[in-house]
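Engineer: Provided below for reference: sequence and predicted model.
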There are 2 protein chains.
Amino acid sequence: MSDPILFCFDFTSPYSYIVSEKIDALAAAHGRQVRWRPILLGPVFKALGTVSLVSQPDKADYSVRDFLRSARFHGLPYVQPANFPVPTVAPARAYYWLHGQDCDLARRFAHGVFRACFAEGRDISTAATTLALAAEAGADRAAVEAGMNDAATKERLRAETDAALAAGVFGAPWLVVDGEPFWGADRLPQVERWLQTGGF
Amino acid sequence: MSDPILFCFDFTSPYSYIVSEKIDALAAAHGRQVRWRPILLGPVFKALGTVSLVSQPDKADYSVRDFLRSARFHGLPYVQPANFPVPTVAPARAYYWLHGQDCDLARRFAHGVFRACFAEGRDISTAATTLALAAEAGADRAAVEAGMNDAATKERLRAETDAALAAGVFGAPWLVVDGEPFWGADRLPQVERWLQTGGF
């Protein structure tokens, strides 16, 4: 088994949602695992002095059009969140606490969060929705509520975001295959070629 | 014959170079022509308050890596220009003057400019290289020299850049198929699907 693929994302990222629906099967077809690592793009953009596409008036209309079209292109349902970008600290913290308990549970939860946000139009920013989604994934609601507010959980999310920044991540989704970085859902064909050929 | 595809680009754009090598064949496979329209991204970025990827220190390394890898992915030679972005007012003006004389000649010239820049590592910013490339494409060098400095030619390039801005263009390559805008060489698969299906 070769090294796992790193999948770094923010739950509010539409293109990360697309990758979340594709990357595990793509990796498995080449005998790879995937390490899912949510981060917060807010601190990343702040550190780099950049802003999200939809925060730029001249790019916002095209961007939303492209979110919808890209999801359709990949055969995925898509609803543009009413308030966007969505603050994702709650589900990201819950992810890391769940991940410490059970990797498979954390993965189910992460899929649930993305789909709640982008397929079902639910507001994933709240602790209430986060806890409901954790319960839907099979977790104990009270345990998650305590765990996501634990200092170590908060520190883990900060550390993952800092580590991403230090590694050169400036957007999401960010994939790394054997040290090679790929930014954007539109790089999935290149990721696939890289997995097939070991580099090109 | 359906409406032509609009291909809006700057000669200094690596992803535009990729599209320039692909779009005519893709269009022809679906019974379409392509309208090639060089613009200057400098005034576009200035008007929008944005900057090029390579002007952002935290994104420059990844961007150049992605230029090279994306060209390899598409089977194209690629040399990163020593001075980048390249000022492209000279070849863009020459293009419009040539286009007024002979569309096919202008197309050959445009291919020559892109390949000189990205396959051969030549400095396309100068009038001397522009005139040499025009001559290589089959144009009369003295006529091009006079034509590219004509006030009407200069105004044409300004007008095309202004029209692109007014139409919502904020980067290059920018493709429009039956009113649907696509930004980036990585949207070629979506353009192909659009041409196949008439929208999706």
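Structural biologist: Received it, and whenever you're ready, just let me know what you need.

Engineer: all strands of chain A, in order?
Structural biologist: A:5-9, A:34-38, A:174-177, A:180-183 (DSSP state E).

Engineer: to chain B, which of the ones you listed lies closest?
Structural biologist: Set against chain B and scored by CB to the nearest CB, the strands of chain A come closest in strand A:180-183, at 6.3 Å. Quick note: C-beta positions are derived from backbone N, CA and C, even for glycine.

Engineer: now the closest one - C-alpha only, CSV.
Structural biologist: Taking C-alpha atoms only, strand A:180-183 is exported to CSV below (Å, rounded to 0.1, in the frame of the first residue of the first chain):
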residue,chain,number,x,y,z
GLU,A,180,2.7,16.6,-5.3
PRO,A,181,0.1,19.3,-4.5
PHE,A,182,-3.1,19.8,-6.5
TRP,A,183,-5.4,22.7,-5.9
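
Engineer: on that earlier part again, redo the strands of chain A as CSV? Include distance to residue A:128 and mean pLDDT.
Structural biologist: Below are the strands of chain A laid out as CSV (distance: least, CB to CB, whole Å; pLDDT from 0 to 100):
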stretch, distance to residue A:128, mean pLDDT
strand A:5-9, 22, 98
strand A:34-38, 19, 98
strand A:174-177, 29, 98
strand A:180-183, 33, 98
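
Engineer: among these, which is nearest residue B:23?
Structural biologist: Comparison of those against residue B:23 by CB to CB identifies strand A:180-183 as nearest, at 23.4 Å.

Engineer: quick one on the thing from earlier: could you dump the strands of chain A to CSV with mean neighbour count?
Structural biologist: Shown next, in CSV, are these (neighbours: other CB atoms under 10 Å in any protein chain shown):
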stretch, mean neighbour count
strand A:5-9, 23
strand A:34-38, 21
strand A:174-177, 24
strand A:180-183, 19
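
Engineer: how about the residue of chain A at minimum distance from chain B: what's its closest non-neighbour residue?
Structural biologist: Relative to chain B, the nearest point of chain A is residue A:186 (3.6 Å; CB to the nearest CB). What sits nearest to residue A:186 in space, not counting adjacent residues and going by CB to CB, 6 or more residues apart in numbering or on different chains, is residue B:186, at 3.6 Å.

Engineer: my guess is the one you found contacts residue A:185, does it?
Structural biologist: No: the pair residue B:186 / residue A:185 is not scored as a contact, 9.1 Å apart, by CB atoms under 8 Å.

Engineer: check whether stretch A:165-174 comes near chain B.
Structural biologist: Yes: if you take CB under 8 Å from any CB of the partner chain as the test, stretch A:165-174 does meet chain B, through A:168, A:170.

Engineer: how long is that stretch end to end?
Structural biologist: Terminal residues of stretch A:165-174 are spaced 11 Å apart (CA to CA, to the nearest Å).

Engineer: buried residues in it, which are they?
Structural biologist: For stretch A:165-174, the neighbour count (16 or more other CB atoms under 10 Å in any protein chain shown) marks A:165, A:169, A:170, A:171, A:172, A:173, A:174 as buried.

Engineer: re earlier: per-residue confidence at the residue of chain A closest to chain B?
Structural biologist: Confidence at residue A:186, expressed as pLDDT, is 98.

Engineer: now do the contacts for it.
Structural biologist: Residues counted as contacts of residue A:186 (CB atoms under 8 Å, 6 or more residues apart in numbering or on different chains) are A:15, A:70, B:184, B:186, B:187.

Engineer: can you check the pLDDT for the residue nearest to residue A:14 when sequence neighbours are not counted?
Structural biologist: Excluding the flanking residues, the one nearest residue A:14 by CB to CB, 6+ apart is residue A:67, at 4.1 Å. The confidence metric pLDDT takes the value 98 at residue A:67.

Engineer: near chain B, which residues of chain A are found?
Structural biologist: Listed as neighbours of chain B in chain A under the rule CB under 8 Å from any CB: A:48, A:50, A:56, A:58-59, A:61-62, A:65-66, A:69-70, A:72-73, A:168, A:170, A:181, A:183-184, A:186-187, A:189-190, A:193, A:200.
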